[in-house]
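K.L.:
What shape does this take:
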Amino acid sequence: MNAVTPAKPAEKPTEPWRQRLIRSLLYGRNVDRAAKARARVGLAMLAFGAVYALIGGRLVMFAIGADAHGARRAAAQEVVATARPDIVDRNGAILATDVKASSLFGEPRRIIDKDEAIELLTATVPDLDEAEVRERLKTRKGFVWLKREITAKQQQDIHKLGIPGIGFLRENKRVYPTGNEVAHLIGLVNIDNQGIAGMEKWLDNQGLADLHRAGFATDRLQKPIELSVDLRVEHALRDELLKAKEKYHTKAASGIVSNVKTGEIVAMVSLPDFDPNNPKEAHDPDRINRLTTGVYEMGSTFKAFTLAMALDSGKINLNSMWDARGNLHYGKFTIHDSHALGRFINTKEVFTFSSNIGAARIALGQGVEAHKAFLGKMGQLTRLRTELPESAAPLIPRRWGELNTVTIAFGQGMSVAPLQAVMGINALVNGGYLIPPTFMKRSESEAAAMAKRVIRTETSDKMRFLMRLNAEIGTAKTADVKGYYVGGKTGTSEKVINGRYAKKRVLNSFTAIMPCDDPKYQILIMLDEPQAIPETKGFITSGWNAVPTGGKVIERIAPLLGVEPRFDLPPSERLILAASRTTQ
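P.N.:
From the prediction side, this is the model:
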């Protein structure tokens, strides 16, 4: 029996030494290759996941990146370019403030179908100019304005359209709750909320624009700007001027209420005016501020300066006599009086009868140089500077001779801004101190610190007496509101048309002070080219229109200003002149 020999297991094929070396370097020795493969697969999956996450993140950032940039721009826009402080009157009533409003913008690079976007936008907002929108969106700019200050309804409707590359920015919009009431004083801003006129422009010039650029002019850091104007007085003055403008068919009407002791402008109106909420109206050349940007021959108002000059010199007194028996001939010119008296008249009558001849003789008696020096001292020969950027320089003769002194003595041949004349008249009645006018609140002590004495106290007393006497017996009688001891001076100035004075086209003024024994306020009323009506019996001079208008204004504003009525007061001869002599 043969023995069976067991079979030997098959031998593994011998691995070349090069492969063993590579495997050993890659995997090491005694490594489970299956586990290693699974780890590799997991690592590959993680790598691919990270790549796809990175790509997805970049896509999301690309989609929302512009909106985020717009949000940052919106924040910057609100801080740097738009925030403005409130402007309030002396009692805290808001005259100008900011409200939030949305503005529409586009990012042309992100808009896929521009024609469709233009069609949808113009259909939703009809006042959008299609050609203008198309021109802006066809550019390759990253940002363009499409419409500033849209309504909430328009914003909602546009948002529903879901147009990529169309967005909104929150901006501050300047609004004026009082509308036309203080338009010329407040001024207005442009579409970027930058002041372009009036106190709004003054604010920017005072450093507000610099604060904007530096990023500090935020709503939280700005205190309201308090003005000297009283909105109640402003309304009453404007209302009476509107009535006078309509009644006398005037081309324009204007007025000022000024505190004679501080120089504060309590009210200022120039008609026609405009609504600062509608800036287009402000571009009408007829809507200028005639009180600061216009210069006019102030007519007989200037006789107050002429008489004050002479009285202050000590060369004349209230009883000095002047020859008014006939016209005054000077070269080829003839000076005459509207109401010729045909006799010698005293200084008081020169004022109350508004004698051109008497004023001319008084000025000639002082001399040309003295006349020029006095008007210069009263601030009438240089441009008046106030907070309002709009101002005009006076028109004075290049060569000032005797004839110029003759005509300027009664208000012809020299033109000044009405506010300039108001400043001078204040000095004539407040004790003799020239105080620069202001539209900001100012105390009497602050005014005293900057006041400059220009005439003696006794001269001021005499001017107050003459003003009151004119209301008692002269051309200002219709403005003598009982209880307020009003005084004033009228002025009727013929306008120069084609180089000649036109008798039927006049600029009338009336300057009133109250109360004359201790003046607190001056009121100036100006009517441009009033027409004759049956009530004025065919006359167009100041006493028939500007004076009664001034009386109505005084009647309304005196209680608002805290001026208490006093009745049964003695005449000016005793209350003013006698008191003046007693204290001297």
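K.L.:
For Leu466, see how far away Leu104 is.
P.N.:
Distance, Leu104 to Leu466, by CB to CB, to the nearest Å: 64 Å. From N, CA and C alone the C-beta is placed, and that goes for glycine too.
K.L.:
For the two, work out which one has more neighbours and name it.
P.N.:
Leu466 (29 against 22; other CB atoms under 10 Å).
K.L.:
in terms of contact, does that one touch Thr306 like I think?
P.N.:
No - using CB atoms under 8 Å, Leu466 is not in contact with Thr306, being 11.5 Å away.
K.L.:
Where does the prediction get shaky in the stretch 451-584 of the chain?
P.N.:
Within the stretch 451-584 of the chain, the ranges that satisfy pLDDT under 70 run 579-584.
K.L.:
Tell me the bridge partners for Val189.
P.N.:
Gly195 (DSSP bridges).
K.L.:
what does Asn259 give?
P.N.:
Tyr521.
K.L.:
what do you get for the one 5 residues further on?
P.N.:
For Glu264, the beta-bridge partners under DSSP bridges are Thr438.
K.L.:
Next one: it relative to Thr293, how far apart?
P.N.:
Distance from Glu264 to Thr293, by CB to CB: 20 Å.
K.L.:
And these two? Which one has more around it.
P.N.:
Glu264 (25 against 16).
K.L.:
is it true that Met526 touches Pro418?
P.N.:
Yes - using CB under 8 Å, Met526 makes contact with Pro418 at a distance of 6.2 Å.
K.L.:
okay, and the common contacts of the two?
P.N.:
Residues within reach of Met526 and of Pro418 at once, by CB atoms under 8 Å, 6 or more residues apart in numbering, are Ser254, Arg290, Leu291, Tyr296, Ser509.
K.L.:
Dump these to a markdown table, plus neighbour count, secondary structure and distance to Thr492.
P.N.:
Shown next, in a markdown table, are the shared contacts of Met526 and Pro418 (neighbours: other CB atoms under 10 Å; DSSP: H, G, I helix; E, B strand; the rest coil; distance: CB to CB, whole Å):
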| residue | neighbour count | secondary structure | distance to Thr492 |
| --- | --- | --- | --- |
| Ser254 | 26 | strand | 16 |
| Arg290 | 25 | coil | 17 |
| Leu291 | 26 | coil | 18 |
| Tyr296 | 25 | strand | 12 |
| Ser509 | 30 | strand | 8 |
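K.L.:
Between those residues, which sits nearest Leu388?
P.N.:
If you rank the shared contacts of Met526 and Pro418 by distance to Leu388 using CB to CB, Leu291 comes first, at 9.3 Å.
K.L.:
got a pLDDT number for that closest one?
P.N.:
At Leu291, the pLDDT value in this model is 95.
K.L.:
Please name the residues that touch Leu318.
P.N.:
Applying CB under 8 Å, 6+ apart, the residues near Leu318 are Leu311, Asn346, Thr347, Lys348, Lys462, Phe465, Leu466.
K.L.:
Among these, which one lies nearest to Leu54?
P.N.:
Leu466 (92.1 Å).
K.L.:
Assign the residue lying closest to the closest one once chain neighbours are set aside to one of the three secondary structure states.
P.N.:
Distance criterion CB to CB, 6 or more residues apart in numbering; nearest residue to Leu466, sequence neighbours excluded, is Phe351 at 4.6 Å. At Phe351, secondary structure determined by DSSP: H, G, I helix; E, B strand; the rest coil is helix.
K.L.:
who's in contact with Phe351?
P.N.:
Shown in contact with Phe351 (CB under 8 Å, 6+ apart): Lys303, Ala304, Leu307, Leu466, Leu469, Asn470, Gly474, Lys489.
K.L.:
Tally up the residues packed near the second one, please.
P.N.:
If I follow you right, that is Ala304. If we define neighbours as other CB under 10 Å, then Ala304 has 26 of them.
K.L.:
How about the contacts made by it?
P.N.:
Going by CB under 8 Å, 6+ apart, Ala304 touches Phe351, Ile425, Leu428, Met463, Leu466, Met467, Lys489, Thr511.
K.L.:
Surely the fourth one and Val429 touch.
P.N.:
Okay, so that is Met463. Yes - applying CB under 8 Å, one finds Met463 in contact with Val429, separated by 5.9 Å.
K.L.:
Just want to know which of the two has more residues nearby.
P.N.:
Between Met463 and Val429, counting by other CB under 10 Å, Met463 is the more crowded of the two (29 against 24).
K.L.:
Quick one: find the helix or strand in this structure with the lowest mean pLDDT.
P.N.:
helix 209-214 (a mean of 52; mean pLDDT, DSSP states H and E).
K.L.:
and the helix or strand following that helix, average pLDDT?
P.N.:
Next along the chain after helix 209-214, taking DSSP states H and E as the criterion, comes strand 225-226. Strand 225-226 shows a mean pLDDT of 94.
K.L.:
Likewise for stretch 364-372?
P.N.:
96.
K.L.:
Please identify the buried residues of that stretch?
P.N.:
For stretch 364-372, the neighbour count (16 or more other CB atoms under 10 Å) marks Leu364, Gln366, Val368, Ala370, His371, Lys372 as buried.
K.L.:
farthest-separated two in the residues you listed?
P.N.:
Leu364 and Lys372 (13.3 Å).
K.L.:
Need the residues touching each of the two.
P.N.:
Thr405.
K.L.:
now the stretch 1-150 of the chain, which segments are flagged as low pLDDT?
P.N.:
Ranges of the stretch 1-150 of the chain meeting pLDDT under 70: 1-15, 18-40, 42, 57-82.
K.L.:
can you give me the strands in it?
P.N.:
Applying DSSP state E, counting those that start in this stretch to the stretch 1-150 of the chain gives strands spanning 87-88, 94-106, 144-150.
K.L.:
Give the next helix or strand downstream of the last one.
P.N.:
It refers to strand 144-150. helix 152-161.
K.L.:
In terms of secondary structure, what does that next one contact?
P.N.:
strand 94-106, helix 114-124, strand 166-175 (3 or more CB pairs under 8 Å, 6 or more residues apart in numbering; DSSP states H and E).
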